[in-house]
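Asker: one predicted model, sequence on top.
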There are 2 protein chains.
Amino acid sequence: MTLIKLDPHDALPLIHQITHGIRALIDQRTIRSGARMPSIRNFAVDHGVSRFTVVQAYDQLVAMGYLNSKLGSGFYVSARPKPNTAEENSKLNDSIDVAWLLRNALEDRTNRAMPGAWWLPGAWMEDTGIQKSLRTLSLKHGEFFTAYGTPAGYQPLRELLQSKLSSSIDVTADTSQIVLTSGVTHALDLITRYFVHPGDAVLVDDPGFFILFGGLKSFGAKIVGVPWNDDGPDIPAMESLIKEHRPRIYFTNTVLHNPTGVSVSQSVAYRMLQLAEKYDMMLVEDDIYGDFHPAKIARLATLDQLDRVIYVSSFSKTLSASLRVGYFACKKSLAANLGDMKLLTGLTTSEVSERIIYQLLSGGHYRKHLERTRLRLQAVRTNTIATLEKLGFTTYLEPEGGMFIWVKSNDITDITLLVAQAAQEGVMLAPGNVFRPHQEPSPWLRFNVAHCENPHIFQVLDKILVNM
Amino acid sequence: MTLIKLDPHDALPLIHQITHGIRALIDQRTIRSGARMPSIRNFAVDHGVSRFTVVQAYDQLVAMGYLNSKLGSGFYVSARPKPNTAEENSKLNDSIDVAWLLRNALEDRTNRAMPGAWWLPGAWMEDTGIQKSLRTLSLKHGEFFTAYGTPAGYQPLRELLQSKLSSSIDVTADTSQIVLTSGVTHALDLITRYFVHPGDAVLVDDPGFFILFGGLKSFGAKIVGVPWNDDGPDIPAMESLIKEHRPRIYFTNTVLHNPTGVSVSQSVAYRMLQLAEKYDMMLVEDDIYGDFHPAKIARLATLDQLDRVIYVSSFSKTLSASLRVGYFACKKSLAANLGDMKLLTGLTTSEVSERIIYQLLSGGHYRKHLERTRLRLQAVRTNTIATLEKLGFTTYLEPEGGMFIWVKSNDITDITLLVAQAAQEGVMLAPGNVFRPHQEPSPWLRFNVAHCENPHIFQVLDKILVNM
């Protein structure tokens, strides 16, 4: 029996055609809750697709709550909440997704207020340092202008990162353990390619960094969100998810976490490492916001010294998102293998960019720039929280640093309409659902306080909330 | 029955543990040829792994010639050639692989001759143009120094590419069909993520571009090599492989093909498009070397006008490998979807690099640089072919342009030893096996004529060949 019509030549991948088709049948109640789905084998034969495609589609539907699997017996349609009565509402839910947020944030930034952005405003950044670096570089001679870089990246920058790891987070690593990438996303992609196979369970923060989710899904990973408390991941929940799904790896953002602003406490960090040891897992520590933290606080890598931890960071937030320079540090044998993966899948990174970052870091200006930025963030954070509270928002917690706060309105639970209306008024907000592993609904919003100096944002929010 | 011991926590992915383990058992004759392998289901249950992992491992072993599958009956151990008697030899075969070539080529380039390189020597490139661009850029003001770029990349460069496509290869595209990437590899990666699912068959050139093979394999694709003639892919072979494997996509390098130097003839291009139409496939045309061709010749995209063709190119070979600027062009709806894939998996590309490339292209120097380079390549190609023929090498064909020639020795069939000995003498060669989809043996070598002005290369080859 053919359940849905598939077109192998449609631009939409088969797996998405299947998940969309089955969701529609369940949403329309053509298939009732409790119904048994065709076996993977039968579905594959009837629809002329491979079994993997079916398994992945079913897995996604389980993750989205449409199906549940009973061991040895197959897949069943889950009991579903009533469909949204407001057609309007479901349309918005469909359109306000991660791709929408990214396009909307990056396409045309003129004359728009962007509290949903994940970068510092241009006026906060140090153009002059980069201009100076470009000028210095333009006077140099060498093949680095036109040739491929070296496999692990520009050696003097790696030496400088070695010192930085040692002095700022007490991690001892030699340069053979440090590999440059074109940003954190590239580093996470290499780690994913190396460790994750289709169908593998992978732990992530819930809420967490959505670009990571997209990358993991494109490799067929089953992503499992670990609920996030105000001191890091919920440890009992983490352990029971490990027991249930047997992941080999957890990708986590430990300091000034995106989107909540939380930093993992020392005791939680210790217990994360204990679980990693007990269940033989790797932890990938994304520390892209760490340099904004005013204090020297321990990372997972500080405790573990790169045994089970792969440490990842970049300069996209502090110096330049345009230059695309990041890195990872891990144990030596793994660094060699991940370095091969870098070459095999994309050759080398840009030595021109790496030399510019090197000059910016070695000039001594970086520390001053960070100090100024931290103070400025502190001031605007306090103001933004106060202003949002007057408008009826609650803050999840006041972060110790960084640009993000995580807030929800006391008056409304479905923020989709708020986000859509604000967009029409030229205010780009970041709704909580995009930070959840499967874009599950969320009443939260992420605000970037550095973009909140513009009073227009709060006038727009006030106007919308009053009319809701 | 457990056939091999697997460690889910080993750094080596499970699928490789399985293929290595089974290969060892077959090589040691523990499992004899003709033996029936455990079913996928049983192997998965006995070893505690997912069925996908087993299917992928078995598929790889089929591709490597260790297993063969009989429809409806399962997998059997193939009749194998005798194991190499020379232990030495098999060690070399293991160590001279793609990762070896990449590390070896990119790690330390001082005082070494590199006829195996895939770039022009530094002395052939235009440092001064880039120095000038950096200086010009350093005088500008704007957020582009520190901010994320726009989703599709720097608009003026895309406009310039629009004109270039029109004037140089008669392809009409508007800028919404052109998306910038960080090189060809990035473009191919986005296309792979979008179209390819684990287990999907994908056609590639045999021999062809090995970085592509690595990328496809990391997404679980079953790569199928189309044999290559002196006018492009073998069309009857291409059709029978399509019938057998039902691929949805063929990645091909049509002009001054890497590694053979062949350009696809008009009639073969037309027949490739006919097959794509008949079997409803997409063709990905990698045109990274096309600008080195002295004549204006039709591409697949010229005939098809971006309907079934995704056109991919970059400036890594002509202007700078360090800046990492490439692009793809395709039909509008697909460009939007692939553009979303770019954002979702890695955000934007470097606008600093894109502005430098823009300046280099718009200055008018690009054409002159290409003309000079083409003449110089022509001269050194003629000399290199003559010198290699004196040493007993045969050239596959004399290419119409570009840096590559594809040669084999009339005296030796196993070139592994030659490559290893040359490496010890400081001469880096590129052996044919690394260009084959599954690194099957090959008697061919790829020479980059631009690196062959150094007589030391031929002295070393002569010395080794005389003693062999």
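Answerer: Alright, I've got the coordinates. Numbers count the residues shown, from 1 in each chain, chains lettered A, B, ... in the order given.

Asker: how about stretch A:226-241: buried residues?
Answerer: For stretch A:226-241, a neighbour-count test (16 or more other Cβ atoms under 10 Å in any protein chain shown) marks A:Val226, A:Trp228, A:Asn229, A:Asp231, A:Gly232, A:Pro233, A:Asp234, A:Ile235, A:Met238, A:Glu239, A:Leu241 as buried. For every residue, glycine as well, the C-beta is placed using N, CA and C.

Asker: out of those, which touch chain B?
Answerer: Counting by Cβ under 8 Å from any Cβ of the partner chain, the subset of these that neighbours chain B is empty.

Asker: what are the ranges of the strands in the stretch 1-150 of chain A?
Answerer: A:67-70, A:74-77 (DSSP state E, counting those that start in this stretch).

Asker: quick one: which of these is nearest chain B?
Answerer: Among those, strand A:67-70 comes nearest to chain B, with 13.6 Å by Cβ to the nearest Cβ.

Asker: which elements pack onto the closest one?
Answerer: helix A:51-63, strand A:74-77 (3 or more Cβ pairs under 8 Å, 6 or more residues apart in numbering or on different chains; DSSP states H and E).

Asker: which other helices and strands contact the longest one?
Answerer: Same thing as helix A:51-63. If you count contacts as 3+ Cβ pairs under 8 Å, 6+ apart, helix A:51-63 packs onto helix A:14-27, helix A:40-47, strand A:67-70, strand A:74-77, strand A:222-229, helix B:51-63.

Asker: alpha carbons only: can I get stretch A:191-206 in CSV?
Answerer: Extracted in CSV, the C-alpha atoms of stretch A:191-206 (Å, rounded to 0.1, in the frame of the first residue of the first chain):
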residue,chain,number,x,y,z
ILE,A,191,34.1,16.6,14.9
THR,A,192,30.6,15.5,13.7
ARG,A,193,32.0,13.9,10.5
TYR,A,194,34.6,12.1,12.6
PHE,A,195,32.4,10.8,15.4
VAL,A,196,28.8,10.7,14.2
HIS,A,197,27.1,8.1,11.9
PRO,A,198,23.6,8.1,10.7
GLY,A,199,21.2,7.0,13.4
ASP,A,200,23.7,7.7,16.2
ALA,A,201,22.3,9.5,19.3
VAL,A,202,24.1,12.8,20.1
LEU,A,203,23.5,14.9,23.2
VAL,A,204,23.0,18.7,22.8
ASP,A,205,21.9,21.5,25.1
ASP,A,206,18.2,22.3,25.2
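
Asker: okay, the helices and strands packed on strand A:67-70, which one's buried deepest?
Answerer: Neighbour counts (mean count of other Cβ atoms under 10 Å in any protein chain shown) averaged over each of these peak at helix A:51-63, with a mean of 22.

Asker: now that one - C-alpha only, PDB.
Answerer: Listed next in PDB are the C-alpha coordinates belonging to helix A:51-63 (Å, rounded to 0.1, in the frame of the first residue of the first chain):
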ATOM      1  CA  ARG A  51      15.300   1.300   4.300                       C
ATOM      2  CA  PHE A  52      17.700   3.900   5.700                       C
ATOM      3  CA  THR A  53      15.600   6.700   4.300                       C
ATOM      4  CA  VAL A  54      12.600   5.200   6.100                       C
ATOM      5  CA  VAL A  55      14.400   4.600   9.300                       C
ATOM      6  CA  GLN A  56      15.600   8.200   9.400                       C
ATOM      7  CA  ALA A  57      12.200   9.600   8.500                       C
ATOM      8  CA  TYR A  58      10.600   7.500  11.300                       C
ATOM      9  CA  ASP A  59      13.200   8.500  13.700                       C
ATOM     10  CA  GLN A  60      12.600  12.200  12.900                       C
ATOM     11  CA  LEU A  61       8.900  11.600  13.400                       C
ATOM     12  CA  VAL A  62       9.500  10.000  16.800                       C
ATOM     13  CA  ALA A  63      11.700  13.000  17.700                       C
END
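
Asker: now the helices and strands packed on helix A:51-63 as a markdown table including mean pLDDT and distance to B:Asn104?
Answerer: A markdown table is the format used below for these (pLDDT from 0 to 100; distance: least, Cβ to Cβ, whole Å):
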| stretch | mean pLDDT | distance to B:Asn104 |
| --- | --- | --- |
| helix A:14-27 | 82 | 39 |
| helix A:40-47 | 89 | 44 |
| strand A:67-70 | 82 | 48 |
| strand A:74-77 | 87 | 49 |
| strand A:222-229 | 95 | 37 |
| helix B:51-63 | 82 | 25 |
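
Asker: make TSV out of those and add distance to A:Asp206.
Answerer: Listed next are those as TSV, based on distance: least, Cβ to Cβ, whole Å:
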stretch	distance to A:Asp206
helix A:14-27	20
helix A:40-47	27
strand A:67-70	19
strand A:74-77	24
strand A:222-229	3
helix B:51-63	25
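
Asker: of the buried residues of stretch A:226-241, which pair is most distant in space?
Answerer: By the measure Cβ to Cβ, those have their two most distant members at A:Asp231 and A:Leu241, which lie 17.7 Å apart.

Asker: could you pick out the longest helix of chain A?
Answerer: helix A:365-390 (DSSP state H).

Asker: can you pull the buried residues of it?
Answerer: Of the residues in helix A:365-390, A:365-366, A:369-370, A:373-374, A:377, A:380-381, A:384-385, A:387-388 count as buried by neighbour count, 16+ other Cβ under 10 Å.

Asker: next: stretch A:435-454.
Answerer: By neighbour count on 16+ other Cβ under 10 Å, the buried set for stretch A:435-454 is A:435-437, A:439, A:442-452.

Asker: go through these and flag which are in strands.
Answerer: Among these, the members falling in strands (DSSP state E) are A:Trp444, A:Leu445, A:Arg446, A:Phe447, A:Asn448.
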